[in-house]
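Participant: give the three-dimensional model of this entry:
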Amino acid sequence: MTEAEAEPLLPLSGRRVVDLTRNVAGPYAAMILAELGADVVKVEAPGRGDDTRDWGPPFWNEWSSIFLSLNRNKRAITLDLKKPSSREVMHRLVASADVLIESFRAGWMQAAGYGYDWAAEINPALIYCSLTSYGDRGPLRSHPGYDPLMQAVGGIMSVTGHEGTPPVRVGVSLIDMGTGMWSALAILAALVERATTGRGRHLTTALYETALTWMTYHLTSYWGTGQSPRRRGSGVGSIAPYQAFATTDGHLVIAAGNDELFAKLSRSLDHPEWARDPRWRRNSDRVRNAEALREAIEAVTATRSSSDLSQRLLEAGVPCGPVRDAEAVATDPQTLASGIVQHLDMEGIPDFRSIGLPFVVDGVRAPLRTPPPRLGQHNHEVLAELGFAAEAIRALTS
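Facilitator: Okay, the predicted model is just below:
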């Protein structure tokens, strides 16, 4: 099958997802499902909507870049869940849905009358996913949580950055987006099971548990040695050389992950004797003497440009790559050739660009079908689909 003949994989086409989330984790989970073909109805509070609509600068023609990045392929309605008039809308939404995702503070949905028991009574086949800070058990289950907080309490900041410097947050919303991914994975698994059993599920994911998951080999190291891993800058504690090295015009990451690659690196840097040096002969030797090795390698790399050095190392089969900023990544030929940057004209942003899902099926990537929605853009459309008459729609949206 050629790429032109292949159809995009949209296995959730015809499935409806009610997205009651905001910020990053929940919207990212819902967007993954939207990318796979689901009809995602994003429900926001009237007037202000998702908090991320106002997160900035940076803005792209008055749109928050964060909101734009997390809400493609969705429809949006406004609904004040605290008002009794919203209850019938929620009832019909839940009755029509396959999935509901919520990220309210612990206990809020239950107190508001929209908990899992209420939803399951209306729609026993519903997959109900609660994105939480700390999960549904334990002494912190009612505490709030945000990405940098979870990077701190989950241990990630303890292994990020350089020794002797203040704590550093990973520069992307690793915990939020990771929790979104785990939520989408759990939802997809529950949908597969439901195809056989017809039964819905109540799923719970947690920011804190995502942090623990990303710390898995560091925690295993602690259990095995009784010592907490330390910060190692761009490197790691179990492989050397495996970090960024200074060049004349920036930094180059060199990943010589085994003895053969280290021998190739040594020859490429005109120091074949390094591979025979007792301090560095085996990976375990290099890890024990990592600082001396770093100094030796950087004494060479600091005299050469990143491009010249990377060309030489790649020709020798040594994995390496320059440390680049967003502009360099966005304009890189490999980025453009991959097709992951997708384009669509939208109101206020001609040639809107966004990053698609990071996989292709039969050579085709899930498409960018619709741009991120305006607040309440689909009020009339969705309410009409739910069977509300024009007069009722006017009352609900006024």
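
Participant: for Ile175, which three-state class applies?
Facilitator: What DSSP: H, G, I helix; E, B strand; the rest coil gives for Ile175 is helix.

Participant: what distance do you get for it to Glu35?
Facilitator: Note on Ile175: its distance to Glu35, by Cβ to Cβ, to the nearest Å, is 21 Å. Using the backbone N, CA and C atoms, a C-beta is placed for each residue, glycine as well.

Participant: what's the answer for Gln311, then?
Facilitator: For Gln311, the distance to Glu35 equals 36 Å [Cβ to Cβ].

Participant: Ile175 and Glu35: which is more packed in?
Facilitator: Ile175 (29 against 23; other Cβ atoms under 10 Å).

Participant: ok, the more buried one touching Gln151?
Facilitator: Yes: counting by Cβ atoms under 8 Å, Ile175 does reach Gln151; the two are 6.0 Å apart.

Participant: overlap in contacts of the two?
Facilitator: Ala211 (Cβ atoms under 8 Å, 6 or more residues apart in numbering).

Participant: flag the shaky bits of this protein, pLDDT-wise.
Facilitator: Applying pLDDT under 70 to the chain flags residues 1-5.

Participant: all strands of it, in order?
Facilitator: Secondary structure of the chain (DSSP state E): strands located at 16-20, 39-44, 59-60, 63-64, 74-78, 99-102, 127-132, 201-206, 242-247, 250-255, 320-322, 341-346, 349-355.

Participant: turn those into TSV, including mean neighbour count and distance to Arg169.
Facilitator: Formatted as TSV, the strands of the chain follow (neighbours: other Cβ atoms under 10 Å; distance: least, Cβ to Cβ, whole Å):
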stretch	mean neighbour count	distance to Arg169
strand 16-20	24	26
strand 39-44	25	27
strand 59-60	15	22
strand 63-64	20	20
strand 74-78	22	28
strand 99-102	26	25
strand 127-132	26	20
strand 201-206	21	19
strand 242-247	20	18
strand 250-255	19	20
strand 320-322	18	23
strand 341-346	15	26
strand 349-355	14	21
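
Participant: adding distance to Leu293, write these out as CSV.
Facilitator: Output for those, formatted as CSV (distance: least, Cβ to Cβ, whole Å):
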stretch, distance to Leu293
strand 16-20, 50
strand 39-44, 50
strand 59-60, 44
strand 63-64, 44
strand 74-78, 50
strand 99-102, 48
strand 127-132, 43
strand 201-206, 40
strand 242-247, 10
strand 250-255, 11
strand 320-322, 16
strand 341-346, 38
strand 349-355, 36
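
Participant: among those, which is nearest Glu298?
Facilitator: strand 242-247 (4.9 Å; Cβ to Cβ).

Participant: now the residue in the chain sticking out farthest from the centre: closest residue in space, sequence neighbours ignored.
Facilitator: In terms of distance from the mean C-alpha position of the chain, Glu273 ranks first, at 43.3 Å (Cα atoms, centre = their mean). Nearest residue to Glu273 in three dimensions, chain neighbours excluded: Ser266, at 7.4 Å (Cβ to Cβ, 6 or more residues apart in numbering).

Participant: measure the one you found to Ile297 for me?
Facilitator: Counting by Cβ to Cβ - Ser266 and Ile297 are separated by 9 Å.

Participant: how about Leu314?
Facilitator: 16 Å.

Participant: repeat that for Tyr116.
Facilitator: 56 Å.

Participant: over to Thr247?
Facilitator: In terms of Cβ to Cβ, Thr247 sits 11 Å off from Ile297.

Participant: helices of the stretch 251-398 of the chain, residue ranges please.
Facilitator: For the stretch 251-398 of the chain, the helices defined by DSSP state H, counting those that start in this stretch cover 259-268, 283-288, 290-301, 306-315, 326-331, 333-338, 379-385, 390-397.

Participant: and those: which comes nearest Thr204?
Facilitator: Thr204 lies closest to helix 379-385 among the helices of the stretch 251-398 of the chain, at 27.0 Å (Cβ to Cβ).

Participant: now do that closest one: which elements does it pack against?
Facilitator: strand 74-78, helix 390-397 (3 or more Cβ pairs under 8 Å, 6 or more residues apart in numbering; DSSP states H and E).

Participant: quick check: which of those is nearest to Ser284?
Facilitator: Closest to Ser284 of these is strand 74-78 (Cβ to Cβ; 50.1 Å).

Participant: partner strands of that closest one, with direction?
Facilitator: Here strand 74-78 is paired, per DSSP bridges, with strand 39-44 (parallel).

Participant: so the partner strand versus strand 16-20, what angle?
Facilitator: Strand 39-44 runs at 20 degrees relative to strand 16-20, counting by axes from the mean of the first three to the mean of the last three Cα atoms, to 10 degrees.

Participant: distance of Leu70 from Ser338?
Facilitator: 21 Å.

Participant: which one of those two is surrounded by more residues?
Facilitator: Leu70 (28 against 13).

Participant: wait, isn't that one in contact with Ala25?
Facilitator: No: assessed by Cβ under 8 Å, Leu70 is found out of contact with Ala25, at 9.5 Å.

Participant: tell me the contacts of the closest residue to Gly161 other than its chain neighbours?
Facilitator: Nearest non-adjacent residue to Gly161, counting by Cβ to Cβ, 6+ apart: Val168, 3.5 Å away. When contacts are counted by Cβ under 8 Å, 6+ apart, Val168 touches Met157, Thr160, Gly161.

Participant: thought the second one was touching Gly171?
Facilitator: No: under the criterion of Cβ under 8 Å, Thr160 makes no contact with Gly171, lying 9.5 Å away.
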